[in-house]
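Peer 1: Could you look at this predicted model? Sequence included:
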Amino acid sequence: MGNLNKEIRDGDHPDITEERLKSTFDTHKMAAQIYNSQRAADRRNEITSAVLKIPELQDIKPLPFLSREEKVEEAARKIGILSEHLYDLVNVNDGAELYHLNNVVIGGEGNPLALHGVMFIPVLQAQATDEQKKKWLYRAMKREIIGTYAQTEMGHGSNLRKLETTATYDKATEEFVLNSPTTTSMKWWPGNLGKSTNYAVVVATLIINEKDYGPHSFMVQLRDENTHKPLPNIEVGDIGPKMAYNATDNGFLKLNHLRIPRTNMLMKHVKVEKDGTYIKPPHAKMSYSAMVHVRAHMNNTMAYFLASSLTIAVRYSSIRRQGHINPKEPEVKVLEYQTQQHRLFPHIARAYAFSFAGAETVRLYEKVKKDMESGETELMADLHALTSGLKSVVTYLTMQGIEQARQSCGGHGYSMASYISEIYGIAIGGCTYEGENMVMLLQLARYLMKAAKAVKEGKKVEGLVGYLSAPDNRHSLIDRTPEKSYDTYLKTFEHIARQQIFRAFDKLEKMLTSGLPHSEAWNKCSVELTRASRLHTRLFIAQAFARRVHDVVDFHIKEALDDLLHLHLNYELLDVASYALEDGHLCGEQMNFIRSELYRSLGKIRPNAVSYVDAWELSDMELRSVLGRRDGHVYENLYKWAQNSSLNRTDVLPVFEKYLKPLMMSARKNSKL
Ligand SMILES: CCCCCCCC(=O)SCCNC(=O)CCNC(=O)[C@H](O)C(C)(C)COP(=O)(O)OP(=O)(O)OC[C@H]1O[C@@H](n2cnc3c(N)ncnc32)[C@H](O)[C@@H]1OP(=O)(O)O
Ligand SMILES: Cc1cc2nc3c(=O)[nH]c(=O)nc-3n(C[C@H](O)[C@H](O)[C@H](O)COP(=O)(O)OP(=O)(O)OC[C@H]3O[C@@H](n4cnc5c(N)ncnc54)[C@H](O)[C@@H]3O)c2cc1C
């Protein structure tokens, strides 16, 4: 039998090989859990190997040394090569493979086709009629045209009902007139809008006969297909540098009474007839499908960002030696410190948990998408609630985990050589895009309040909120009864979420009964409401993790995942325990038990720590991190990496003659006086 950890190679740093030799599970079989099938895990590695053989696809130099213009150019250069050879070189079959290919070749900082794939194509697939698909979708899929999704404006992103861009129907010419009447009505933020795209699905407020019908989607050609020059009545450009994600040209767009044909409104579900008659869609929010699409996939992208940072931090912690635990022995790997383990391991468990919760969410999304094609909309509310909560909780916890990973690398974590700060910058955009986190938690809260009301009225609720009408124990049974598949833990999470949901509900009801208008009462309860949403979502994540572990067949994989689940449940419960202590559901003695289980878990995870992150099978090319190198040879490569600094091109910089020398000369002259 070969090594269980598949990353072991001759010549690697002995400290990291020592870690890998301790693995109790086959890392490639674990990858099959993370990526949902052995075939998917195999394909990732095949694609990585194919890319490594193509010299033009390698980074010209480490990305942190490129200027913004160079980053934009480098991403476009690679997209060009990739598009030419997508099928013959690497034979990409589906969205997951394409995503992986992009991560390896280009990375997370963006590329000219990012929004084209993430939103433009999905919105056409979901909302264009067959005729419109023939006109735009097939051209888009062949990359004859490049598009984006232009919804957010300078003045409004969260409140879509107040978008200022108007699409006014002109019955006489059978056209819509698209207009940005104010500075704040300019589209602001859409990815790749600035310089790359020549088409956009523009979301604008539909006006027919002076009546406001709310946001609708329109296809707009922005630039000439040959010269790429903006078309008349269109002003378009880049919004400038951002805290990260700078290979992407997020843009602005001003439309000046631009006329487009009536048939440019996406009309699969909703219609404006020639005479201006408006035909409603089967569900009022069907046009929000592109956002739901991205939200449904965000758990997996966040899991990936978190796992990338942890791979870097855990590998580095296994070769970084500093300080002693036993003064008579050599300096230890920093991974031996319990504080380091406590800082990193719970986030490893979260990365796995997000991936498993993500797989369930994508399954539900695919079902709803199929239903919607035939006009069936029953599960849309469930999906919206689930994805709203998950996008908020997962992005926030990912942000925490990446920052802990960075700090766990000490000083070198702060260098771009770690690349963690770039990953952080890219990932935390997710707290804002696709719905600001608080706004989305409040969307879930609407759903939870409806369910709570139904339960109070004696109705039985089912599905994601079924636990609200299930029997509850007054006291948690953790450490009070033999544990069966973490049942006592999951019931405790249920209790905590249920209590908070009803607490928020009662508070809201009390205010409403006192005569406060609903919107004011809602605002005064909104912190409690967002807490309810977070607890409900964290329960779902824990349940999804437990369901996955339950379904695993391979003994060693199951055992290793079970260890992570054990850590996850104890760590997360401690994080939210105050809710259960408040009403005596948990007592101090049980808290001690949970804490000691957490510490025991850290010890159990420790020998497999490197293997848990190796199982994500993230190649050096995609990690782009000196600290996270697979071979563990960090120090000599840190020195090599610094040689790329343009400041090192000469020993003496011009600023010396210009500013520093005069400064010192004058100081010396003054001291001689
Ligand atoms: C690689 C990196 C890629 C990055 C890509 C980033 C791209 C982007 O960011 S694109 C822009 C994303 N923008 C957003 O997400 C905007 C966020 N805002 C919204 O989605 C909406 O304004 C929202 C949902 C908050 C409120 O919508 P609004 O139409 O005012 O509805 P609202 O009055 O609150 O709710 C009405 C009902 O519709 C329901 N509803 C809202 N959205 C949906 C939906 N998508 N599906 C089903 N039901 C929905 C609500 O639950 C509510 O139901 P109920 O009345 O039963 O409680
Ligand atoms: C990296 C990145 C990429 C993006 N890509 C695109 C794109 O491709 N296409 C596109 O159209 N857009 C894009 N966006 C825009 C993005 O979708 C919006 O910025 C986002 O939806 C948040 O809206 P906002 O900026 O209006 O925030 P605001 O709503 O102004 O948020 C400011 C504060 O107000 C609070 N707030 C607002 N409303 C409420 C409320 N009802 N209740 C309680 N609190 C509230 C928020 O919680 C937040 O704290 C992108 C943004 C980023 C950062």
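Peer 2: Thanks, I have it. Ligands and ions are numbered 1, 2, ... in the order given.
Peer 1: count of residues packed around Pro281?
Peer 2: 18 (other Cβ atoms under 10 Å). Glycine gets a C-beta too; all of them are placed from N, C-alpha and C.
Peer 1: what about the helices in the stretch 101-250 of the chain?
Peer 2: Taking DSSP state H, counting those that start in this stretch, the helices of the stretch 101-250 of the chain run over residues 114-115, 121-127, 130-132, 138-141.
Peer 1: Now the second one: average pLDDT?
Peer 2: pLDDT averaged over helix 121-127 equals 97, rounded to a whole number.
Peer 1: what about it and ligand 1, any contact?
Peer 2: No: Helix 121-127 stays clear of ligand 1 (Cβ under 6 Å from any ligand atom), getting no nearer than 10.0 Å.
Peer 1: for the helices of the stretch 101-250 of the chain, which one sits closest to ligand 2?
Peer 2: Set against ligand 2 and scored by Cβ to the nearest ligand atom, the helices of the stretch 101-250 of the chain come closest in helix 114-115, at 5.1 Å.
Peer 1: That closest one and ligand 2 in contact?
Peer 2: Yes: under the criterion of Cβ under 6 Å from any ligand atom, ligand 2 is reached by helix 114-115 at Leu115.
Peer 1: ditto for stretch 160-179
Peer 2: No: if you take Cβ under 6 Å from any ligand atom as the test, stretch 160-179 misses ligand 2, and the best it gets is 8.9 Å.
Peer 1: can you count the residues close to Leu115?
Peer 2: With other Cβ under 10 Å as criterion, Leu115 counts 30.
Peer 1: picking up where we left off before, could the helices of the stretch 101-250 of the chain be laid out in TSV, adding distance to Leu206?
Peer 2: TSV is the format used below for the helices of the stretch 101-250 of the chain (distance: least, Cβ to Cβ, whole Å):
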stretch	distance to Leu206
helix 114-115	23
helix 121-127	14
helix 130-132	17
helix 138-141	23
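Peer 1: need the residues of the stretch 151-300 of the chain near ligand 1, please.
Peer 2: Going by Cβ under 6 Å from any ligand atom, the residues of the stretch 151-300 of the chain near ligand 1 are 151-152, 157-161, 191, 285, 288, 291-292, 294.
Peer 1: swap in the chain?
Peer 2: Close to ligand 1, as judged by Cβ under 6 Å from any ligand atom, the chain has residues 114, 118, 149, 151-152, 157-161, 191, 285, 288, 291-292, 294, 380-381, 384, 433-435, 439, 443, 446.
Peer 1: Write the PyMOL selection for whichever of the residues you listed are buried.
Peer 2: To isolate the buried members of the residues of the chain next to ligand 1 in PyMOL, using 16 or more other Cβ atoms under 10 Å:
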select buried, resi 114+118+149+151+152+157+160+191+285+288+291+292+294+380+384+433+434+435+443+446
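Peer 1: how about the nearest residue to the single nearest residue of the stretch 101-250 of the chain relative to ligand 1, chain neighbours excluded?
Peer 2: Proximity of the stretch 101-250 of the chain to ligand 1 (Cβ to the nearest ligand atom) peaks at Leu160, 3.7 Å away. Of all residues not flanking Leu160 in the chain, Pro215 sits nearest, at 4.9 Å (Cβ to Cβ, 6 or more residues apart in numbering).
Peer 1: What is the longest helix of this structure by residue count?
Peer 2: helix 338-373 (DSSP state H).
Peer 1: Now the phi/psi pair for the closest residue to ligand 2 within the stretch 101-250 of the chain, please.
Peer 2: Nearest residue of the stretch 101-250 of the chain to ligand 2, counting by Cβ to the nearest ligand atom: Gly157, 2.5 Å away. For Gly157, the backbone dihedrals are phi -130, psi -50 (criterion: degrees, to the nearest 10).
Peer 1: Thought Val439 was touching it, still the case?
Peer 2: No: Gly157 lies out of contact with Val439 (Cβ atoms under 8 Å); the separation is 9.1 Å.
Peer 1: how much space is there between Asp212 and Lys456?
Peer 2: 36 Å (Cβ to Cβ, to the nearest Å).
Peer 1: Count the neighbours of Asn637 for me.
Peer 2: Neighbours around Asn637, by other Cβ under 10 Å: 14.
Peer 1: Tyr433 sits in which helix or strand?
Peer 2: Assigned by DSSP states H and E, Tyr433 belongs to no helix or strand.
Peer 1: Local confidence estimate at it?
Peer 2: pLDDT, Tyr433: 98.
Peer 1: That one and Gly425, how far apart?
Peer 2: 13 Å.
Peer 1: Angles on the backbone of Asn192, please.
Peer 2: phi 70, psi 0.
Peer 1: So for it, what's the pLDDT?
Peer 2: 98.
Peer 1: swap in Met1?
Peer 2: 61.
Peer 1: Trp611 touches Glu18, doesn't it?
Peer 2: Quick fix: residue 611 reads Ser, not Trp. No: the criterion here is Cβ under 8 Å, and Ser611 misses it with Glu18 at 12.0 Å.
Peer 1: burial measure for the closest residue to Thr152 other than its chain neighbours, as a count.
Peer 2: Spatial nearest neighbour of Thr152, excluding adjacent residues (Cβ to Cβ, 6+ apart): Trp189 at 4.6 Å. Residues lying near Trp189 (other Cβ under 10 Å) number 18.
Peer 1: cool, and the one 3 residues further on?
Peer 2: Per other Cβ under 10 Å, the neighbour tally for Asn192 reads 27.
Peer 1: likewise the one 4 residues further on?
Peer 2: By the other Cβ under 10 Å criterion, the neighbourhood of Ser196 contains 27 residues.
Peer 1: tell me the domain boundaries of the chain?
Peer 2: Here the domain parsing of the chain from automatic domain parsing is 147-281, 288-458+488-641.
Peer 1: what ranges of the protein fall below the confidence cut-off?
Peer 2: 1 (pLDDT under 70).
Peer 1: quick one: contacts for the residue nearest to Leu193 when sequence neighbours are not counted?
Peer 2: With Cβ to Cβ, 6+ apart as the criterion, Leu193 has its nearest non-adjacent residue at 3.1 Å, and that residue is Gly251. By Cβ atoms under 8 Å, 6 or more residues apart in numbering, the contact list for Gly251 reads 148, 187, 189-195, 236-239.
Peer 1: Just list whatever residues bridge to Gly251.
Peer 2: When bridges are called by DSSP bridges, Gly251 pairs up with Asp238.
Peer 1: Please enumerate the strands of the stretch 1-150 of the chain.
Peer 2: 147-150 (DSSP state E, counting those that start in this stretch).
Peer 1: just the residues of the stretch 151-300 of the chain next to ligand 1 now: which is nearest Leu516?
Peer 2: Taking Cβ to Cβ as the measure, Leu516 sits nearest to Asn159 out of those, at 21.5 Å.
Peer 1: His257 versus Glu175, what's the distance?
Peer 2: 11 Å.
Peer 1: Settle it for me: which of these two has more neighbours?
Peer 2: Glu175 (18 against 12).
Peer 1: Please name the bridge partners of that one.
Peer 2: The partner residues for Glu175, given DSSP bridges, come to Asp170, Pro261.
Peer 1: what's near enough to touch it?
Peer 2: Tyr169, Arg259, Ile260, Pro261, Arg262.
Peer 1: roughly how far apart are the second one and ligand 2?
Peer 2: Between Arg259 and ligand 2 the distance, using Cβ to the nearest ligand atom, to the nearest Å, works out to 22 Å.
Peer 1: again, but for Arg548
Peer 2: 30 Å.
Peer 1: Count the neighbours of that residue for me.
Peer 2: 21.
Peer 1: ok, and the closest non-adjacent residue to it?
Peer 2: Phe356 (4.2 Å).
Peer 1: State the distance from the one you found to ligand 2.
Peer 2: Where ligand 2 is concerned, Phe356 sits at a distance of 26 Å (Cβ to the nearest ligand atom).
Peer 1: right, and that residue touches Asp551 too?
Peer 2: No: Phe356 lies out of contact with Asp551 (Cβ under 8 Å); the separation is 9.8 Å.
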